[in-house]
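**Student:** pasting a predicted model and its sequence here:
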2 protein chains.
Amino acid sequence: MPAEISGLRMTRQRWEVYRLLMEQRDHPTANDVFIRIKDRLPNISLATVYNCLEALVQHGVIRQVNFERESSRFCPNLEEHGHFHDKRSGTIHDVTFKPGVNLADVLNLPPGTLITDIEITLRGELPVS
Amino acid sequence: MPAEISGLRMTRQRWEVYRLLMEQRDHPTANDVFIRIKDRLPNISLATVYNCLEALVQHGVIRQVNFERESSRFCPNLEEHGHFHDKRSGTIHDVTFKPGVNLADVLNLPPGTLITDIEITLRGELPVS
DNA sequence: ATAGAAATTAGAATTATTCTTGCACGGTCG
DNA sequence: CGACCGTGCAAGAATAATTCTAATTTCTAT
């Protein structure tokens, strides 16, 4: 376990939460993490899972993703990307931009606007194939 | 008051909620609407405000907008647009696309993907000027 | 080793939203 | 005109995700 990641001091709990997200990149909720992590940390509390996730988010190590008013989900992909929610399967998929596309360029914003964060979420159905 | 809008039968409460949203386009929350509408409907209940907003959303008459995990906000602008949240003032602004831009075209999605809904939210600061 | 700081735990508290129940209203059909 | 019926409304209870609190444990630096 590294001593820290992006300036965030690692603890056993933070490390296991982080590791779990890196290994299972299916955008779990805090509760999903709580359930899954019990194998490794049987005594962890849900509040700690929330604390760890928040710490990781605030240090830019993971991203928090919201769909409508559902539970927040967490994503270790730091590339600029959006999320597609497949209604059929309920799964969530990362969506990247085509090369050379800068989202700010295609929006009408007052010149000088400072954008600190962009969130793109799509809902629909993936092809059946 | 029209008998119905987009197939939704109008009632006094639904009409006043709708009218309020059309007149004050600052993305109020359900509770904001509840407070503001008391001038006209002193006896309306918060549950009814929620019911009316839900009915209007489901009939496509208004849109529900979510920022992080804050209370949902409601928006009568049916044009395709995103939302910019100005950290300085806390206000929310509609953001349109530059002409000719189709968001689906700039994203990497499996061919045949059906998109039913897109949500774009930006956070940042508007220029001081 | 030890003091002080930070993290964890367990459970209570909070907040937005939804649900439940009983009542009121509007329209319809005799 | 009056009983009926479906829908909407009001009030408050219930729910669910998240945050907070207080007490304990673990770290870190000295």
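**Tutor:** Structure's in. What do you need?

**Student:** nearest residue to the middle of chain A?
**Tutor:** A:Cys75 (2.2 Å; C-alpha atoms, centre = their mean).

**Student:** can you pull the contacts of that residue?
**Tutor:** Residues in contact with A:Cys75, defined by C-beta atoms under 8 Å, 6 or more residues apart in numbering or on different chains, are A:Leu21, A:Arg25, A:His27, A:Ile62, A:Arg63, A:Gln64, A:Val65, A:His83, A:Asp94. For glycine as for every other residue, the C-beta is placed from the backbone atoms N, C-alpha and C.

**Student:** closest to DNA strand D out of the residues you listed?
**Tutor:** A:Gln64 (8.3 Å; C-beta to the nearest atom of the strand).

**Student:** just the contacts of A:Cys75 that are near chain B?
**Tutor:** Within the set of the contacts of A:Cys75, contact with chain B (C-beta under 8 Å from any C-beta of the partner chain) is found for A:Gln64.

**Student:** among the contacts of A:Cys75, who's most crowded?
**Tutor:** A:Leu21 (25 neighbours; other C-beta atoms under 10 Å in any protein chain shown).

**Student:** so that residue touches A:Asn77, yeah?
**Tutor:** No - assessed by C-beta atoms under 8 Å, A:Leu21 is found out of contact with A:Asn77, at 9.7 Å.

**Student:** can you tell me the element the residue of chain A found nearest DNA strand C falls in?
**Tutor:** When scored by C-beta to the nearest atom of the strand, chain A has A:Thr48 as its residue closest to DNA strand C, at 2.8 Å. Using DSSP states H and E, A:Thr48 maps to helix A:46-58.

**Student:** counting by contacts, list what that helix packs against.
**Tutor:** The contact analysis (3 or more C-beta pairs under 8 Å, 6 or more residues apart in numbering or on different chains; DSSP states H and E) places helix A:46-58 against helix A:12-23, helix A:30-37, strand A:63-65, strand A:73-75.

**Student:** tell me which of the ones you listed sits most buried.
**Tutor:** Stretch with highest mean neighbour count among the helices and strands packed on helix A:46-58: strand A:73-75 (a mean of 21; mean count of other C-beta atoms under 10 Å in any protein chain shown).

**Student:** quick check: mean pLDDT across that one?
**Tutor:** What strand A:73-75 shows for mean pLDDT is 98.

**Student:** C-terminal to it, what's the next element?
**Tutor:** Heading C-terminal from strand A:73-75 (DSSP H and E), you reach strand A:82-86.

**Student:** got a list of contacts for that next one?
**Tutor:** So strand A:82-86 is in contact with A:27, A:65, A:67, A:75, A:91-96, A:119-126, B:107, B:109, B:113, going by C-beta under 8 Å, 6+ apart.

**Student:** give me the buried entries from these.
**Tutor:** Among the contacts of strand A:82-86, those classed as buried by 16 or more other C-beta atoms under 10 Å in any protein chain shown are A:27, A:65, A:67, A:75, A:92-93, A:95, A:119-126, B:107, B:109, B:113.

**Student:** next one: A:Met22 from A:Ala3, what distance?
**Tutor:** Distance from A:Met22 to A:Ala3, counting by C-beta to C-beta, to the nearest Å: 18 Å.

**Student:** ok so, going back, quick one, what contacts the nearest residue to the residue of chain A closest to DNA strand C once chain neighbours are set aside?
**Tutor:** With sequence-adjacent residues excluded and distances taken as C-beta to C-beta, 6 or more residues apart in numbering or on different chains, A:Thr48 is closest to A:Gln13, at 5.4 Å. The contact partners of A:Gln13, by C-beta under 8 Å, 6+ apart, come to A:Leu41, A:Ile44, A:Thr48, A:Val49, A:Cys52.
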